[in-house]
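Predicted model, plus sequence, below.
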Amino acid sequence: MIRFIDNQLNRITMYRLVLYYLIGLLVVALFISIATPTSNPFALLLSVAFLLFISVITNRLFAWIFKVPANVESVYITALILALIITPIQSYNDLWFLGWAAVIANASKYVIAIKGKHLFNPAAFAVALTYFTINQSASWWVGSGAMLAFVVIGGLLVVRKLGRFDMVLSFLLTSVAAIFVSGLFTGADFITSTQKLVLYSPLLFFAFIILTEPLTTPPTRKWRIWYGALVGFLFTPQFHFGGLFITPELSILVGNVFSYIVGSKDKLVLKLKEKNRIAPDTYEFVFPAPRRFAFVPGQYMEWTLGHPGTDSRGNRRYFTIASSPSERNLRLGVKFYPQSSSFKKAMLAMDKDTEIVAAQLAGDFVLPEDPQQKVVLIAGGIGITPFRSMIKYLLDNRQRRPITLFYTAATVNDFVYKDVFERAQTELGIRTIYSVTDNSNLPSSWKGQVGRLSPQTIRSALPDYRNCLFYISGPRSMVDSLTETLHKLGIAAHQIKTDYFAGLA
């Protein structure tokens, strides 16, 4: 069942999944409103429609003023979040509050930004500012017992897609711990207080959607855990400064400042330098690198490509940087499919006048600090890109490490960057073991492996495999399958680092 869910999640982008989740919650809320005699479903529908209208107009205006591509899904996501946290209108006078919140939220992405990267969660910033300016605040009505089951089911799917269970767990545990400690001083019943927090507050919706917004979270696992703990501590109702109680929106804004301090500050506007076909359905895109741009081999960025006719998969993707920090150009290795998205089609049509925006440098999929640690790199298909970055960096710095690379592709022609790996074997002793999964047209000269990586192959190639760190990169199904294989070989979870690529982008 879990593998089936993962396969379905891989078919849509993260932003699209969040959008579907928010729409689903509003549909549930509408049915609840219809079934409740004292509720007004028309008020909810009007609020949603008005927020969407104002958000689209505002976002297009600011995108035009600042001359940057508008993120299609982001507009709708922001509007729907506002619809779920601001009480539906009770009179037409309330439209002023909704409109003001929508304008502030979308404007903040462009105005409250440093180097083109917005600093605060847009929806949280909007409802915080409306409170201090027009004395209107968010009710966070989505945090109700009637909505709880739907919030949890969809929210867990979002967090699984993002791979942010560590951050969410840190947030939840810290919130509960803060309630426990507070109860020791105030005498409040811990069980009752915890039940109120979970059942009658926006805790879980906040954790799944507000806390996890990619552009305002830290780039690495360590800082994400601290970020979750900080926001969780501030989120609890008992926390206040004098007479100022910290609301959910204020807690995330404080967390956003922390995230900015520890995170990447870069947002790059790049133009294509070269586009090279490196395999039958794989291209390499080369961009001139800014002089002061620094990253660690194996990290990724979010890439935004504005284009007409954007389909349901949106105009943003995450790609690992295939180049080394020691190279003058940034490289992306991208695989294309017969039914590619509008993003991929626009990317393939890029020329030297096309601009693409790269931001949100992040990722812990990097080599260990100890150069003596034995490392096994396992790549499937275009999952080879982070390993190309790592190994090219080692070559350029003449750094020897005990590394073995297993590289699996469908056919012999699908292997890319072999020149880098051959140099690494000659100059650094880094061994690469190639394997093809389709042997129907295998050339007679082929000397590599045939079939998927098996426990027997690992044992044969690595007698001391129990002492190694394993890095797995490729499609989600491959990553999950190989992780399970390694566990059966006795490899502990802390010895395995994973990265995956949603291949249907």
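Sure, I can see it.

wait, Met390 sits on Val375?
No: here Met390 does not reach Val375: they are 9.0 Å apart, not a contact under C-beta atoms under 8 Å. (Glycine included, C-beta is placed from N, CA and C.)

which neighbours do these two share?
Between them, Met390 and Val375 have Leu367 as joint contacts when contacts are counted by C-beta atoms under 8 Å, 6 or more residues apart in numbering.

Pull the helix or strand containing Ala177 out as PDB, backbone CA atoms only.
Using DSSP states H and E, Ala177 falls within helix 165-186. Backbone C-alpha positions of helix 165-186 (Å, rounded to 0.1, in the frame of the first residue of the first chain) are rendered in PDB as follows:
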ATOM      1  CA  PHE A 165       8.600  14.200   9.000                       C
ATOM      2  CA  ASP A 166      11.600  15.100  11.100                       C
ATOM      3  CA  MET A 167      10.700  18.800  11.200                       C
ATOM      4  CA  VAL A 168       7.000  18.200  11.800                       C
ATOM      5  CA  LEU A 169       7.800  15.700  14.600                       C
ATOM      6  CA  SER A 170      10.200  18.200  16.200                       C
ATOM      7  CA  PHE A 171       7.400  20.800  16.100                       C
ATOM      8  CA  LEU A 172       4.700  18.500  17.600                       C
ATOM      9  CA  LEU A 173       6.900  17.100  20.300                       C
ATOM     10  CA  THR A 174       8.100  20.500  21.400                       C
ATOM     11  CA  SER A 175       4.600  21.900  21.500                       C
ATOM     12  CA  VAL A 176       3.400  19.000  23.700                       C
ATOM     13  CA  ALA A 177       6.500  19.300  25.900                       C
ATOM     14  CA  ALA A 178       5.900  23.000  26.300                       C
ATOM     15  CA  ILE A 179       2.300  22.300  27.500                       C
ATOM     16  CA  PHE A 180       3.700  19.800  30.000                       C
ATOM     17  CA  VAL A 181       6.200  22.100  31.400                       C
ATOM     18  CA  SER A 182       3.700  25.000  31.600                       C
ATOM     19  CA  GLY A 183       1.300  22.700  33.400                       C
ATOM     20  CA  LEU A 184       3.900  22.100  36.100                       C
ATOM     21  CA  PHE A 185       3.800  25.800  37.000                       C
ATOM     22  CA  THR A 186       0.100  26.600  36.400                       C
END
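
Just to check, Pro475 is in contact with Ala379?
No: counting by C-beta under 8 Å, Pro475 stays clear of Ala379, with 10.8 Å between them.

Give me the more crowded residue out of these two.
Taking other C-beta atoms under 10 Å, Pro475 and Ala379 do not tie; Ala379 has more neighbours (25 against 20).

show me the contacts for Arg328.
Arg328 touches Pro288, Ala289, counting by C-beta under 8 Å, 6+ apart.

now it: how far from Arg291?
Distance, Arg328 to Arg291, by C-beta to C-beta, to the nearest Å: 9 Å.

Please apply the same query to Tyr337.
35 Å.

okay, the two: which has more neighbours?
Tyr337 (11 against 7).

Do I have it right that that one meets Asp281?
Yes: judged on C-beta under 8 Å, Tyr337 makes contact with Asp281 at a distance of 7.1 Å.

any residues in contact with both of these two?
Where contact means C-beta under 8 Å, 6+ apart, no residue is in contact with each of Tyr337 and Asp281.

The residue located most distally from the centre of the chain: what secondary structure?
Most distant from the centre of the chain: Ser444, at 42.9 Å, with distances by C-alpha atoms, centre = their mean. At Ser444 the chain is in coil, as set by DSSP: H, G, I helix; E, B strand; the rest coil.

From Tyr407, how far out is it?
Distance of Ser444 to Tyr407, given as C-beta to C-beta: 21 Å.

next one: Ile472
Following C-beta to C-beta, the distance that separates Ile472 from Tyr407 is 12 Å.

How about Asp189, nearest residue that isn't a chain neighbour?
Computed as C-beta to C-beta, 6 or more residues apart in numbering, the closest residue to Asp189 that is not its neighbour in sequence is Gly183, at 7.0 Å.

got a list of what that neighbour touches?
With contacts taken as C-beta under 8 Å, 6+ apart, Gly183 has the following neighbours: Asp189, Phe190, Ser193.

Doesn't the last one lie inside a strand?
Spelled out, that is Ser193. No: the assignment for Ser193 (three-state DSSP) gives helix, which keeps it out of a strand.
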